[in-house]
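J.: Structure for the following, please:
(one chain, ligands or ions: 1)
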Amino acid sequence: MTQDCPTVFKLSNQAIGFKNQPIFSNLSLMIKQGEKVAIVGTSGSGKSTLLNYLYQCRSVDVAYCPQKSMLVDTLSVYHNIYMGILNQHGFFYNVINLIRPFPEHKTRVEQLTRRLGLTGLLFKSIDKLSGGQQQRCAIGRALYQRLPIFIGDEPFSGLDPKQSVELLKAIKEQHQTVVVALHNKEMALNQFDRIIGIKDGAIAFDTPATEVSSEQLELIYHRIEHSE
Ligand SMILES: Nc1ncnc2c1ncn2[C@@H]1O[C@H](COP(=O)(O)OP(=O)(O)OP(=O)(O)O)[C@@H](O)[C@H]1O
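T.: Numbers count the residues shown, from 1 in each chain. Okay, the predicted model is just below:
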């Protein structure tokens with residue numbers, strides 16, 4: 001039961017946003033260890049702003065998969081995935097491993113690429129991959145960090161539904177707590193424990209996925225049409 005688990009994020013009446021543009025003025029939110037949370041809302045509603053804030057709150061425990069993947073185009077899948085753990089090793093270890101991969105990392109990254117559906121692409125450079133393959137590589141970078149929390153900002157947007165579910169399964173196996181922004185309502189309803197709907201700079205609903213109706217979700221995406 002996650003109710004009895006430690007709290008991993010707790011925001012109380014928090015203002016979140018940018019210098020001259022607050023996005024949330026009074027946000028309260030608690031996420032417990034072990035929860036699998038989907039964040040939904042229209043484009044521009046503040047999902048990325050919130051996820052980035054959560055990441056900043058405890059970056060050492062979070063494998064973060066932002067919308068702009070920050071992969072290095074000219075480097076290979078292997079190198080881009082390994083880069084996720086650069087901060088876990090010393091400078092010389094990293095340099096040697098990047099020039100001549102240690103067998104331990106090569107084996108583990110290769111196993112991971114199979115799970116990601118990137119078999120045979122280990123040493124292919126990122127700029128030679130499709131958008132979806134690049135996205136899977138970015139997820140691989142997060143998975144390779146083996147951190148307790150995964151935060152993903154639309155990590156499946158370029159993937160087909162089957163791949164998305166498979167990758168989410170891998171993410172759930174690797175990370176205790178999962179917080180993901182997505183636009184796929186079916187996935188939010190079927191694959192997560194809890195759904196947080198964001199609208200007009202506030203949480204419109206925060207409900208167990210089994211209790212969220214598709215009407216509630218539709219409402220989140222409903223735009224008010226202004227007429228003169
Ligand atoms: N660096 C920034 N400086 C100022 N305002 C920003 C900045 N980044 C985003 N915004 C604004 O903050 C609001 C929320 O943006 P955010 O990217 O969090 O939305 P989102 O829900 O993630 O959207 P999408 O689904 O399109 O990714 C938007 O109005 C956006 O214009």
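
J.: Show me what stretch 90-106 is in contact with.
T.: Contacts with stretch 90-106, where a contact means Cβ atoms under 8 Å, 6 or more residues apart in numbering, come from Tyr78, His79, Tyr82, Leu86, His89, Val109, Leu122. In this view, the C-beta of every residue, glycine as well, is placed from N, C-alpha and C.

J.: And stretch 202-216, by the same measure?
T.: Contacts for stretch 202-216 (Cβ under 8 Å, 6+ apart): 24, 26-29, 38, 185, 188-190, 192-198, 219-220.

J.: Buried members of the contacts of stretch 90-106 into ChimeraX, please.
T.: In ChimeraX, this line selects whichever of the contacts of stretch 90-106 come out buried by 16 or more other Cβ atoms under 10 Å:
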select :78,79,82,109,122
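
J.: Do I have it right that Arg194 meets Gly34?
T.: No. Applying Cβ atoms under 8 Å as the test, Arg194 and Gly34 come out as separate, 11.0 Å apart.

J.: Just the terminal-to-terminal distance for stretch 148-157.
T.: Distance across stretch 148-157, first residue to last, is 23 Å (Cα to Cα, to the nearest Å).

J.: how far does it sit from the chain's center?
T.: The chain centre lies 1 Å from the centre of stretch 148-157; the measure is Cα atoms, centre = their mean, to the nearest Å.

J.: For the residue most central in space within the chain, name its beta-bridge partners.
T.: The centroid of the chain falls nearest to Gly152 when counting by Cα atoms, centre = their mean (0.8 Å). In this entry, Gly152 is beta-bridged to Cys65, Val180, by DSSP bridges.

J.: do you know how far it is from Arg136?
T.: Separation of Gly152 from Arg136 (Cβ to Cβ, to the nearest Å) stands at 12 Å.

J.: Kindly report the same for Lys162.
T.: For Lys162, the distance to Arg136 (Cβ to Cβ) stands at 13 Å.

J.: Comparing the two, which residue is more hemmed in?
T.: When neighbours are counted by other Cβ atoms under 10 Å, Lys162 and Arg136 differ, and Arg136 comes out ahead with 28 against 9.

J.: A strand includes Ala15, no?
T.: Yes. Looking at Ala15 with DSSP: H, G, I helix; E, B strand; the rest coil, it is inside a strand.

J.: Quick check, pLDDT for it.
T.: pLDDT recorded at Ala15 is 90.

J.: Look at it and say how many residues are nearby.
T.: Per other Cβ under 10 Å, the neighbour tally for Ala15 reads 11.

J.: hang on, it packs against Gln21?
T.: No. Between Ala15 and Gln21 there is no contact under Cβ under 8 Å: 11.2 Å.

J.: Can you give me the distance of the residue lying closest to Leu27 once chain neighbours are set aside to Pro66?
T.: Counting by Cβ to Cβ, 6 or more residues apart in numbering, Leu27 lies nearest to Gln14, which is 4.8 Å off, once chain neighbours are set aside. According to Cβ to Cβ, Gln14 and Pro66 sit 20 Å apart.

J.: Same check on Tyr78?
T.: 21 Å.

J.: which parts of stretch 24-41 are buried?
T.: 24, 27, 29, 31-32, 34-41.

J.: what's the answer for stretch 80-96, then?
T.: In stretch 80-96, counting by 16+ other Cβ under 10 Å, buried: Asn80, Ile81, Tyr82, Met83, Gly84, Ile85, Asn94.

J.: Please state the mean pLDDT value computed over it.
T.: Computed over stretch 80-96, the average pLDDT equals 89.
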